[in-house]
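**Q** Fold the following, please.
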Amino acid sequence: MSTEEHPAAAPRSLAEALRGRDDVSLAALLRSRPDLITPVPTDLTQLATRAGTRASVVRALERLDRFALQTAQALAVAADPASYEELLGLLAGDDGDPAVCAALPHALGGLREQALVWGGDDRLRLVRTARELLAPSPQHPSPTGLGPTVREATAGMSPGRIQEIVATAGLPSTHDSVSAVASLTALFNDPARMSALLDEAPAESVEVLERLVWGPPYGQVTADPAPRLRWLLDRGLLLPTAPGTVVLPREVALRLRAGRAHRTPEPVPPPVEAAATHRPQVVDATAAGQAYTALSTVEELLKDWHEGGPAVLRAGGLSVRDLKRTATALDVTEPVAAFWVELAYTAGLLASDGEADERYAATPAYDEWRERPAAERWAHLVTAWLAATRTPGLVGGRDAKDRTLSALGPGLDRSAAPEVRHRVLTLLAGLPEGAAPAPESVLARLRWERPPRGGGRGFAGPAPSGAEGAPGARGSSGVGGSSGPAEGEDLRARIARWTLSEAEMLGITGRGALSAHGRALIGAPAARHPEAEPEGPGDKLPVRHRPAPVPTPLSPAEQATATAAAARLLAPLLPEPLDHVLLQADLTAVAPGPLERPLADMLEVLADVESKGGATVYRFTPGSVRRALDAGQAASDLHAFLAAHSRTPVPQPLAYLIDDVARRHGHLRVGAASAYVRCDDDAVLSEILADRRAAGLGLRRLAPTVLAAQAGPAGLLEGLRAMGFAPAAESAEGDVVIARADAHRTPPRTPPAPVPEGPPVPDDTLLTAALRAVRAGDLASTTPRRPAAGGDPGRGELPRTTTAETLATVQAAVLTGEALWIGYVNAEGGASQRVIAPVRVEGGFVTAYDHTADEVRTYPLHRITGVAELADGQD
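**A** The predicted model follows:
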């Protein structure tokens, strides 16, 4: 029968099924499986072949939600092809679970969209590779816990033994093994006859079946099985598969399970529940305060590394000792310190300097970042965090080679991190405004949307429970899934937990609830308002979601728009920088809030930070005042600065301290001899020589007012200051060297690029061009054509005609308006088939409408290998 007579004929292959799709459906396929478009396939046959490769199918199966995966697993244990009613029975059971009945069309539609299933509802087919991956076998058991069919289990059994089983089961004998197996299968599939057979079974035998029914279906028996096992073996309810090994046939298990392939179908995603609800204003204020703390922490980190940070390990990264030192300086735990270090690195604010003694330091981008408004600085950090594949939570763990993973080192990239972060925040956005989620409900939802990887072939659903060996057996094979959490499950769950804590530290959430600027950051719609707003952990707010496709992260343009909106919402909530402090008589200054940049920078030189919190306390000491004098400030400058920026009068003790240190500052001068000390007062030099603490400096008098030292200038300055003096360094010309804190910066560096999980999702422009090329290529490869003068080439071969024949055929097509099939070799030597409609032939060139490219093109005649006319009715 021809397709013209029966236009609705069922497709015979996946390629034919794809040809029956419209462009919208094909675009959805390529968007959900972007690996199929890298590179663009030449036609739909190649697309179908690529969609059936093992790597592509595994990637597609790993991205299914739990119920879609259960649907695919049920199809793998069903007949091939299977009807929709048979699939529904495997998932809903004999009782017909209403939730499964409602969810199955959506799940099956998703499998069809991703080209994992094809065919009509009367002939559903799972692609061959997916069936091989999901179908049960002794080496790779199915997550359904089902075993082989009766036909598969008896494939190696002797005909005589099969006839004995048929007779013992009360069935008439047959003339061959095939009909005997069919008779036994029909018995097990018949609910009434199966119930009658089980009613005759001893209670111990029924207990054996109950142990095996949900998997693993395999067990081991001795050479002389117990009577309860012998009764089952004689009737085919257990079948031997190898010496000492028996299996529960699939048909028997399904009857015992009331027709269900899975013990617990999960058609509906688990809800994300709220553990507590707070007023939105409280959430936003808390998040804003934490956002400002995040900015301060990053600045404090890089100020600590201002003159050059820790050394880079030979293998890359930060040493454990340096991470501990950084955690102490920031007054946080080591995992939190690793997070801030990695965040600064991801945002491009921190990098290695590339010198011979390589060290970490701030980048030039850090100086630009510091000058931006606080809200924009926060937006820069959180945008980098959302897109980063580097996962700070892994620091301190071990890699595949049992090496410690260090902060800023290699091996911290996890491709799933951006997706998990975005999805966690999206789930939080689905809660009512001010609602903080229960972490376990978030993890449960993520496990449903992306079941953990496991099983023997790279992925599986949940392992069948109740997996025990048969009583009286020597044990079971232990099949049915891993004994502990799979690596994928553990990693995604840990990333989700880290996301919840990191979002709180960054000020995206406040008290566990997503803030208004956090919603804007991910482009989420306005929040739903709860009917009540209790302020306690006991208020549970279950939220149910439809099983819809998991949203993908925003495109770069969309993310930039969303980030700008989040910054605008955050800006009014951040505290305004202050231009004053409160000086106190105990030589301290209190900053009641964040300070303006020039004021903060000067105070950091003039005083030491004593405590932080809602207010920062600075303490003035002789050392801190000397540090300001070393930086080029005069005593009068310091008095004027304090008077201008204090809301209280400058205390007398502080004024005395400044004057006293300034009077002694620079009285001694240190230069390079190796080093020398110069002083106009020779009594001071005599005092230094007599001090036993100066023994390590190697001092000797060169002149009444000059001492030479074996120590270098820096060591000499430090030693004299430790003895209570206030020396000043001088240059070779005798001028005082102003000791400003020289900021060490790396050369310009680009932030680390995220490591993608796979090919990116194609945009609309690429999809449109790819679909046009695939459609045209398919037309060229499938359009019937008349035999050419040089013979009819086989499928996929280019037509071959002489130049004269090609020219004559093309000229005739110009007159008749017919389309032609040509072979063409481009300037790079690439050969292709094309369907063209010639418009003009002149000067050795053919101008034609190219159906393959969907545009008018010009082809040199000498590059056309041959030409053939299309069959009648195909132009």
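**Q** How about residues contacting the helix or strand encompassing residue 610?
**A** Under the criterion of DSSP states H and E, residue 610 resides in strand 608-611. For strand 608-611, the external contacting residues (C-beta atoms under 8 Å, 6 or more residues apart in numbering) are 588, 616-619, 621, 623-624. C-beta coordinates here come from the backbone N, C-alpha and C atoms, glycine included.
**Q** Please tabulate those in a markdown table, including the columns pLDDT, distance to residue 86 and secondary structure.
**A** Converted to a markdown table, the contacts of strand 608-611 look like this (pLDDT from 0 to 100; distance: C-beta to C-beta, whole Å; DSSP: H, G, I helix; E, B strand; the rest coil):
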| residue | pLDDT | distance to residue 86 | secondary structure |
| --- | --- | --- | --- |
| 588 | 91 | 81 | strand |
| 616 | 86 | 71 | strand |
| 617 | 90 | 75 | strand |
| 618 | 90 | 77 | strand |
| 619 | 92 | 80 | strand |
| 621 | 91 | 84 | coil |
| 623 | 88 | 84 | helix |
| 624 | 87 | 82 | helix |
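**Q** quick one: which of these is nearest to residue 413?
**A** residue 616 (36.7 Å; C-beta to C-beta).
**Q** Relative to residue 302, how far out is the closest one?
**A** Using C-beta to C-beta, to the nearest Å, residue 616 is found at 18 Å from residue 302.
**Q** try residue 245
**A** From residue 245 to residue 302 the distance is 64 Å (C-beta to C-beta).
**Q** Can you give me the buried ones in stretch 201-213?
**A** By neighbour count on 16 or more other C-beta atoms under 10 Å, the buried set for stretch 201-213 is 201, 205-206, 208-209, 211-213.
**Q** what do you get for stretch 598-613?
**A** For stretch 598-613, a neighbour-count test (16+ other C-beta under 10 Å) marks 599-600, 602-607 as buried.
**Q** what distance separates it from the centre of its chain?
**A** Distance, stretch centre to chain centre, for stretch 598-613: 40 Å (C-alpha atoms, centre = their mean, to the nearest Å).
**Q** about what we covered before: quick check: the two most widely separated of the contacts of strand 608-611?
**A** Using C-beta to C-beta, the two most remote members of the contacts of strand 608-611 are 616 and 623, lying 18.8 Å apart.
**Q** Between the two, which has more neighbouring residues?
**A** Counting neighbours by other C-beta atoms under 10 Å for residue 616 and for residue 623 shows that residue 616 has the greater number, 20 against 11.
**Q** What helix or strand is the residue nearest to residue 810 when sequence neighbours are not counted located in?
**A** Closest residue to residue 810 apart from its sequence neighbours, by C-beta to C-beta, 6 or more residues apart in numbering: residue 838 at 5.1 Å. In this structure, residue 838 sits in strand 831-842 according to DSSP H and E.
**Q** same check, this time on residue 368
**A** Residue 368 belongs to helix 364-370, assigned by DSSP H and E.
**Q** Report all helices and strands that that helix contacts.
**A** helix 374-387 (3 or more C-beta pairs under 8 Å, 6 or more residues apart in numbering; DSSP states H and E).
**Q** Toward the C-terminus, what is the element adjacent to the helix it packs on?
**A** Criterion used, DSSP H and E; the element after helix 374-387 is helix 417-429.
**Q** which residues sit against that following helix?
**A** Contacts for helix 417-429 (C-beta under 8 Å, 6+ apart): 272, 385-391, 437, 442, 445-446, 449, 492, 495-496, 499-500, 503, 508-509, 513-514, 518-519, 521-522, 524-525, 527, 550-553, 754, 757.
**Q** Can you flag the buried ones in those?
**A** Judged by 16+ other C-beta under 10 Å, buried ones among those: 272, 385-391, 437, 442, 445-446, 449, 492, 495-496, 499-500, 503, 508-509, 513-514, 518-519, 521-522, 524, 527, 553, 754.
**Q** Narrow these to those in strands?
**A** Assigned to strands by DSSP state E, the following of the buried ones among the contacts of helix 417-429 qualify: 437, 509, 513-514.
**Q** Compare the contacts of strand 608-611 and tell me which is most surrounded.
**A** Busiest of those [other C-beta under 10 Å] is residue 618, holding 22 neighbours.
**Q** quick one: low-confidence ranges for the stretch 651-800 of the chain?
**A** The model of the stretch 651-800 of the chain has pLDDT under 70 over residues 666-674, 732-743, 780, 783-797.
**Q** residue ranges of the strands in it, please?
**A** Using DSSP state E, counting those that start in this stretch, the strands of the stretch 651-800 of the chain run over 669-671, 675-678, 699-703, 706-709, 728-729.
**Q** What is the longest one packed up against?
**A** Right, the one you point to is strand 699-703. Where contact means 3+ C-beta pairs under 8 Å, 6+ apart, strand 699-703 is packed against helix 682-690, strand 706-709.
**Q** repeat that with 6 Å
**A** In terms of contacts (3 or more C-beta pairs under 6 Å, 6 or more residues apart in numbering; DSSP states H and E), strand 699-703 is packed against strand 706-709.
**Q** List the pairing partners of the strand it packs on within its sheet, with orientation.
**A** Next to strand 706-709 in the sheet, as set by DSSP bridges, lie strand 675-678 (antiparallel), strand 699-703 (antiparallel).
**Q** ok, back up a step: can you lay out the buried residues of stretch 598-613 as a markdown table showing distance to residue 125?
**A** Converted to a markdown table, the buried residues of stretch 598-613 look like this (distance: C-beta to C-beta, whole Å):
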| residue | distance to residue 125 |
| --- | --- |
| 599 | 73 |
| 600 | 69 |
| 602 | 75 |
| 603 | 74 |
| 604 | 71 |
| 605 | 75 |
| 606 | 78 |
| 607 | 77 |
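**Q** Show me those residues that map onto helices.
**A** 599-600, 602-606 (DSSP state H).
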